[in-house]
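Enquirer: this is a predicted model, with the sequence first.
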Amino acid sequence: MKLTLRVWRQKNADAEGAMSTYEVDGISKDMSFLEMLDTLNEELILKGEDPVAFDHDCREGICGACSLVINGDAHGPERTTTCQLHMRSFQDGDTIDVEPWRASAFPVVKDLVVDRSAFDRIIQAGGYITAPTGAAPEAHATPVPRPDADFAFEHAECIGCGACVAACPNGAAMLFTSAKINHLNVLPQGAPERESRVLDMVAQMDEEGFGGCTLTGECATACPKGIPLMSITGMNKEWLRATRKAGKK
Amino acid sequence: MARTVWDSSVGKKTVMAVSGLVMLAYLVVHMLGNLKIFFGAGEFDHYAHWLRTIGEPFMHYEWTLWVVRVVLVAAVVAHAVSAYQLSRRDIKARPSKYVHKKPRTSYATRTMRWGGIILGLFIVWHILDLTTGTVHPGGFQSGHPYQNVIDTFSTWYGNAVYIVAMLALGLHVRHGFWSAAQTLGVGSRTRDRALKATANLLALVLTVGFISVPVGVMTGVVS
């Protein structure tokens, strides 16, 4: 396959960026999108040019490190992560636009790499449970009803990649935050911090400069793990419940 | 608690949802009342007069109407202020656009902000036209709403402004009603189809009901 790539190049956080055009040849349709970028980078290095910086780690679709907005879609045209996107999803001779996640809470570090530490601070605000450390507890010590377990698992699938923020026209982190809140708030292990968790995490989300939800549904469409849009409804419900309870105290 | 709600983006959306539902409830009653125009001048004008006497003798003449007006103004202000602040926040959160643009989301979703501005301007014109009579075409007669309505819809711009605004209303309600349910946390997978159907039905019934009045005047059914 022969492809034309238009890639966002930006020297550093303060520099002005722009799209640069590259031609790549000899791409196999069995390559992943990241392997295709590796090919481009090898050529750039041989030519003595600066390779394109992009985030990646496990390349198995489970770590949430890879990002990239490909032809206007977060993680590209398939419902998966960029590392699991294969070149067979494109045609020979295609022009492909590659851009970083766009949100003021995710500033560009270099080229296609953005700083997603705002997500870490949202997690630090309440995305944890208080549990004694040590040996794993007996699995049946705390019974969890099957529907609750399924609900928690569905939301626990979030890998924190930030595709929801990238896809949202408001740069909102509602789907990410709601996935974490719903995952923990439904479980008995998460019950002691149920109210403070949702209030603190939503407050931190606002603090980080993410936008608000206008229910366009773009986040859920982009999510490689299929976190449903209704997750946000669940977070709103938890937030209203916690606010009412806080008001009574 | 009020502070927590107002300072949070989720809380401000709650304000939007509640104020929106208040206005929506009013619009359903308003639309049904408007349909009385098809029963003639006598019944329509009598209905308009009755609106001023609701609650008598406990309430004084027009007091109930004023209570409704105050609640509505509060709802409009709360809705507009939170929409403005949330929009400012949203635009700031996504300062740079993608180079590769795609047509996204439904038309109703994309037009919420402009639609809201159109509706806000419409409300100002509508009150100046048919409540105070300031910009009314022809002689505005207080207490004769039937004739006033006919005067307004006998002008091309009266029809144009009204019909455009009612189409905007339909789109606004279509996305707004369903969104309000999500914001208030009452949406769920099992209820989603019912909520979407209700939103579409409300949007359709309101738009058709309101537009039937200018269409009635234009076709001579109301004269």
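Expert: Good, I have the coordinates.
Enquirer: tell me who's in contact with the closest residue to chain A within chain B.
Expert: Relative to chain A, the nearest point of chain B is residue B:185 (2.7 Å; CB to the nearest CB). For every residue, glycine as well, the C-beta is placed using N, CA and C. Listed by CB atoms under 8 Å, 6 or more residues apart in numbering or on different chains, the contact partners of residue B:185 are A:233-234, A:236-241.
Enquirer: any low-confidence regions in chain A?
Expert: A:249 (pLDDT under 70).
Enquirer: now it against chain B: closest residue?
Expert: residue A:237 (2.7 Å).
Enquirer: nearest residue to that residue in space, please, no chain neighbours.
Expert: Using CB to CB, 6 or more residues apart in numbering or on different chains and skipping the chain neighbours, the partner closest in space to residue A:237 is residue B:185 (2.7 Å).
Enquirer: and that neighbour, helix, strand or coil?
Expert: coil (DSSP: H, G, I helix; E, B strand; the rest coil).
Enquirer: what about the helices in chain A?
Expert: For chain A, helices defined by DSSP state H occupy the ranges A:33-46, A:117-124, A:146-156, A:163-167, A:174-185, A:194-207, A:218-222, A:230-248.
Enquirer: related to what we said a few turns ago, show me what contacts the residue of chain A closest to chain B?
Expert: Per CB under 8 Å, 6+ apart, neighbours of residue A:237: B:184-186.
Enquirer: pipe those into TSV and attach pLDDT per row.
Expert: Listed next are the contacts of residue A:237 as TSV, based on pLDDT from 0 to 100:
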residue	pLDDT
B:184	97
B:185	96
B:186	96
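Enquirer: of the residues you listed, which is the nearest to residue A:9?
Expert: Nearest to residue A:9 among these: residue B:185, at 43.6 Å, using CB to CB.
Enquirer: the closest one and residue A:161: what is the separation?
Expert: 26 Å (CB to CB, to the nearest Å).
Enquirer: got it, and residue A:137?
Expert: 30 Å.
Enquirer: mind listing what's buried in stretch A:241-249?
Expert: Residues of stretch A:241-249 classed as buried by neighbour count (16 or more other CB atoms under 10 Å in any protein chain shown): A:242-243.
Enquirer: got the contact list for it?
Expert: Contacts for stretch A:241-249 (CB under 8 Å, 6+ apart): A:194-196, A:198-199, B:1, B:4-5, B:11, B:185.
Enquirer: okay, buried residues for the helix or strand where residue B:85 lies please.
Expert: Residue B:85 belongs to helix B:63-93 when assigned by DSSP states H and E. Using 16+ other CB under 10 Å as the burial criterion, the residues of helix B:63-93 that qualify are B:64, B:72, B:75-76, B:78-80, B:82-83, B:86-87, B:89-90, B:93.
Enquirer: need the contact list for residue A:221.
Expert: residue A:167.
Enquirer: what helix or strand is residue B:141 located in?
Expert: Counting by DSSP H and E, residue B:141 is found in no helix or strand.
Enquirer: would you list the phi and psi of it?
Expert: With angles defined as degrees, to the nearest 10, residue B:141 sits at phi -110, psi 110.
Enquirer: ok, it - contacts?
Expert: Contacts of residue B:141 (CB under 8 Å, 6+ apart): B:147-148.
Enquirer: so what pLDDT did it get?
Expert: Residue B:141 is assigned 93 on the pLDDT scale.
Enquirer: mind checking the SS state of residue B:173?
Expert: helix.
Enquirer: what about it, neighbour count?
Expert: Residue B:173 sits with 26 neighbouring residues when counted by other CB atoms under 10 Å in any protein chain shown.
Enquirer: neighbour count: residue A:137 and residue A:161, which is higher?
Expert: For residue A:137 and residue A:161, the more surrounded residue by other CB under 10 Å is residue A:161, and the numbers stand at 27 against 11.
Enquirer: wait, that one sits on residue A:68?
Expert: No - judged on CB atoms under 8 Å, residue A:161 makes no contact with residue A:68 at a distance of 10.1 Å.
Enquirer: which residues of chain B fall in strands?
Expert: Counting by DSSP state E, chain B has no strands at all.
Enquirer: now do the helices in it.
Expert: B:2-7, B:9-34, B:41-53, B:63-93, B:107-110, B:112-130, B:145-152, B:156-183, B:189-218.
Enquirer: for those helices, give me TSV that also has mean pLDDT and distance to chain A.
Expert: Output for those, formatted as TSV (pLDDT from 0 to 100; distance: least, CB to the nearest CB, whole Å):
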stretch	mean pLDDT	distance to chain A
helix B:2-7	89	6
helix B:9-34	98	4
helix B:41-53	96	35
helix B:63-93	97	3
helix B:107-110	87	5
helix B:112-130	97	7
helix B:145-152	96	34
helix B:156-183	97	4
helix B:189-218	97	6
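Enquirer: want to throw these into JSON lines with distance to residue A:19?
Expert: Below are those laid out as JSON lines (distance: least, CB to CB, whole Å):
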{"stretch": "helix B:2-7", "distance to residue A:19": "39"}
{"stretch": "helix B:9-34", "distance to residue A:19": "32"}
{"stretch": "helix B:41-53", "distance to residue A:19": "61"}
{"stretch": "helix B:63-93", "distance to residue A:19": "23"}
{"stretch": "helix B:107-110", "distance to residue A:19": "25"}
{"stretch": "helix B:112-130", "distance to residue A:19": "29"}
{"stretch": "helix B:145-152", "distance to residue A:19": "53"}
{"stretch": "helix B:156-183", "distance to residue A:19": "33"}
{"stretch": "helix B:189-218", "distance to residue A:19": "39"}
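Enquirer: give me the nearest residue to residue A:43, chain neighbours excluded.
Expert: Nearest one to residue A:43, counting by CB to CB, 6+ apart, is residue A:24 at 7.2 Å.
Enquirer: got a list of what that neighbour touches?
Expert: Per CB under 8 Å, 6+ apart, neighbours of residue A:24: A:2-3, A:5, A:36, A:39-40, A:43.
Enquirer: of the residues you listed, which is the most crowded?
Expert: Busiest of those [other CB under 10 Å] is residue A:36, holding 22 neighbours.
Enquirer: tell me the contacts of it?
Expert: So residue A:36 contacts A:3, A:24, A:27, A:87 (CB under 8 Å, 6+ apart).
Enquirer: again, only this time at 7 Å
Expert: Contacts of residue A:36 were listed using CB atoms under 7 Å, 6 or more residues apart in numbering or on different chains, and they are A:24, A:27, A:87.
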